[in-house]
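**Student:** everything below, folded, please.
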Amino acid sequence: MQGWIKLHRQILEADIFTEKRVYSKAEAWIDLLLRANHKDERILFNSNFITIQRGQHLTSMKKLGERWQWSNKKVKKFLQLLEGEGMCTAKSTSKYTLLTLDNYDFYQQRDFEKHIKSTSKAHQKHIKSTQTRMNKNVYKNGEELINAPTLIRGGKYDEEHEASHQSSTNLEFFK
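**Tutor:** Reported below is the predicted structural model:
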């Protein structure tokens, strides 16, 4: 399966996500992805400033176990599994565990989002340019040109269109 979806971190606050339950490995992995920093951040921890980089999550084995309803042993084995698969690296001290999601940029493709935004801006600019050109073709000195191309009937001008847009009022219409 290919492709990706955006999953907002607000999902962590949804009732269905906050219910007390034992997490599966897949849910635990998604939890780590959602909780990882999306940008570098400097925080105060135990009277020291430390920098948590994009794709990292500062936590503890105990907190993960409580959140996932797992034993410390199961949390440790899971993190070892992720390390073995090249998905996550864990550095533990007596006070915290710093998780680094090794392929975070792969999962969160910042460049792709920039490409979408730039493509959207270019598309909007093209639309505006096209509309401006059409307006210049249709109006000259504030008056509609009789032979101007229109969007009606695929942009083709025909006699039926000319007859329906004559400047004089067609009284036959009101009979």
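
**Student:** which parts of this protein are helices?
**Tutor:** For the chain, applying DSSP state H gives helices covering 15-18, 25-35, 61-68, 72-84, 104-108, 110-138, 159-164.

**Student:** which non-adjacent residue is nearest Glu83?
**Tutor:** Nearest in space to Glu83, with sequence neighbours left out and distances taken as C-beta to C-beta, 6 or more residues apart in numbering, is Thr89 at 6.0 Å. Every C-beta, even on glycine, is put in place using the N, C-alpha and C of the backbone.

**Student:** give me the neighbour count for the one you found.
**Tutor:** Using other C-beta atoms under 10 Å, Thr89 has 14 neighbouring residues.

**Student:** what residues are bridge-paired with it?
**Tutor:** Thr100 (DSSP bridges).

**Student:** for Leu81, see how far away it is.
**Tutor:** Here the criterion is C-beta to C-beta, to the nearest Å. By it, Thr89 lies 12 Å from Leu81.

**Student:** before we move on, back to that, residues touching the residue nearest to Glu83, list them.
**Tutor:** Each residue near Thr89 by C-beta atoms under 8 Å, 6 or more residues apart in numbering is listed here: 83, 99-100, 102.

**Student:** mind giving me the ChimeraX command for buried ones among the residues you listed?
**Tutor:** Only the buried entries of those go into this ChimeraX selection, using 16 or more other C-beta atoms under 10 Å:
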select :99,100
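
**Student:** out of the contacts of Thr89, which is nearest to Val22?
**Tutor:** Ranked by distance to Val22 (C-beta to C-beta), the contacts of Thr89 are led by Leu99 at 20.1 Å.

**Student:** just checking, that closest one touches Ser92?
**Tutor:** No. Using C-beta atoms under 8 Å, Leu99 is not in contact with Ser92; the gap is 9.5 Å.

**Student:** so which of the contacts of Thr89 is the closest to Ala14?
**Tutor:** Taking C-beta to C-beta as the measure, Ala14 lies nearest Leu99 of these, at 22.7 Å.

**Student:** that closest one and Ile5: what is the separation?
**Tutor:** For Leu99, the distance to Ile5 (C-beta to C-beta) stands at 22 Å.

**Student:** also Ala90?
**Tutor:** Using C-beta to C-beta, Ala90 is found at 26 Å from Ile5.
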